[in-house]
Every structure is written in C-alpha cells, then in structure tokens.
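Enquirer: Show me the folded form of this:
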Amino acid sequence: MKELQKHIIVGITGGIGSGKTTISKYFEGFGIPVYYADLEAKALMNRSKVIKRKLIALFGDDAYINNTLNRDYLRSQIFKEKKMLSKMNAIVHPKVGAHFKRWVKKQNAPYILKEVAIIFENNLQNQYDYIITVIADKEERVKRVMQRDNSSRDSVKAIIKNQLSDQEKIKKSDFVIENNDLEAAKLQAQIIHNNLISNI
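Expert: Residues are numbered from 1 along each chain as shown. From the prediction side, this is the model:
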C-alpha cells in the first residue's frame, strides 16, 4: 500500500482448502505479524454498529440472530443473487481496510503478512509489495473443507469451480507454496521468508 510504504506488505492468498491459514501460522513462527483479513471482517460484522445497520438494511432482519451475524442466511442470499456479495463487500471492505491501516502502524517487523482469500479476483494486487499463493491438489482441498466445514463433496467442488484457478493465480504471484505435505510446505515458507528478508 503506497501510503504505508515504510512497511513491506506481503499478501498471502489461495483457494478454499489450500491451507493459507496454516502457512500463515508458519510465518508467525518466524516472527512475522499476520493480519487475517477474513477473520477481521467477520469480527467487524459482529462488532460494528454501522456495518450491522447497513447489512440489515441490505438483507433484512434475518441478517442477525440474537445480535450475531447469521452467516448461513447471508450465504443463501448471496448464492441466490450474486450481486449481493459485491454490495456486502462495499459495506465491509472499507472498514476492514481502515482497521488494517491502524494495525499496520503498530507493527515493527521486517515485513508484514496479510492473509486474504481474494486478491486477484478483486484486482487488489497493486496493494501488495509481494504476493504468495498457496496451492494444493484439488482432491486434498476438497477433503480438507469437507472435514472442516462438514460440507458435501459437491458443494465444495462448486466453490472451487467458482474461484479463480491456481494457474491464473500463479501467473500473477511472486511466490508459490505447494501445500500437500506440511513439512515440505513449511520448508518452502522458510525459503520465501529468507528470500524476503534478504531483499528488504
């Protein structure tokens, strides 16, 4: 991010089930602070009165149950009408962006990592100095998400099909981590970390 140029911002992304959060934890182990954008977005959707008010105006009273985000309902609404996702993002993303800027100012590290599910899909690659894409075999990804979310095979495959392909992401990335074997992936993360440190 140009206005935050004193900090080197590294984006880490990957399709569902690729294990980008697991890889991000490795970087934390190397002493690198990580901002988990999707987690922060969910937290802000529950915490921010402004976001709550706007989401209820957009989706109706069922958007929240007992003052807590009704994620299943929102997912169903977005699935029915795709443009609702961009409307929701227009409400949530500016708040997450402002929160990230405040967080960055508090960090003191050679570089910082921002874990984001969609960078290329939203054409946000220019906000990062470097981008790491995490990939994994499709069958491995399906298995992980089925276990994690208790989802059906078909629903996970449908999500993967709707996401930008790994090949497209790889073409636009500075680094790629293949995350089929955790030990091998950790070694790749260490090599990238060393590379980044030596280039700063």
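
Enquirer: contacting residues around S152?
Expert: M146 (C-beta atoms under 8 Å, 6 or more residues apart in numbering). Placement of C-beta: from N, CA and C, glycine included.

Enquirer: Would you mind measuring from it to E28?
Expert: Distance of S152 to E28, computed by C-beta to C-beta, to the nearest Å: 32 Å.

Enquirer: So S18 sits against R141, correct?
Expert: Yes - when contacts are counted by C-beta atoms under 8 Å, S18 is listed as touching R141 (6.1 Å).

Enquirer: So between these two, which is more surrounded?
Expert: A side-by-side neighbour count of S18 and R141, using other C-beta atoms under 10 Å, places S18 first with 28 against 24.

Enquirer: Not counting residues beside it along the chain, what's closest to the more buried one?
Expert: Nearest in space to S18, with sequence neighbours left out and distances taken as C-beta to C-beta, 6 or more residues apart in numbering, is V134 at 4.4 Å.

Enquirer: What pLDDT does the model give that neighbour?
Expert: Looking at V134, its pLDDT stands at 98.

Enquirer: Surely it is in contact with I23?
Expert: Yes - counting by C-beta under 8 Å, I23 is a contact partner of V134 at 5.2 Å.

Enquirer: hmm, back to that, contacting residues for the residue nearest to S18?
Expert: By C-beta under 8 Å, 6+ apart, V134 lies in contact with I12, T13, G14, S18, G19, K20, I23, V176, I177, N179, A185.

Enquirer: tell me the contacts of the last one?
Expert: The contact partners of A185, taken as C-beta under 8 Å, 6+ apart, are G19, T22, I23, Y26, V134, I177, E178, N179.

Enquirer: hmm, back to that, three-state assignment of the residue nearest to S18?
Expert: strand (DSSP: H, G, I helix; E, B strand; the rest coil).

Enquirer: Chain neighbours aside, what residue packs nearest to the residue nearest to the spatial centre of the chain?
Expert: Geometric centre of the chain, nearest residue: V116, 2.3 Å, by C-alpha atoms, centre = their mean. Closest residue to V116 apart from its sequence neighbours, by C-beta to C-beta, 6+ apart: A37 at 4.6 Å.

Enquirer: same check, this time on K138
Expert: I160 (6.6 Å).

Enquirer: in what helix or strand does that neighbour lie?
Expert: Using DSSP states H and E, I160 maps to helix 153-162.

Enquirer: Tell me the secondary structure at I12.
Expert: Secondary structure, three-state DSSP: I12 is strand.

Enquirer: beta partners for it?
Expert: Bridge pairing for I12 (DSSP bridges) gives the partners E115, I132.
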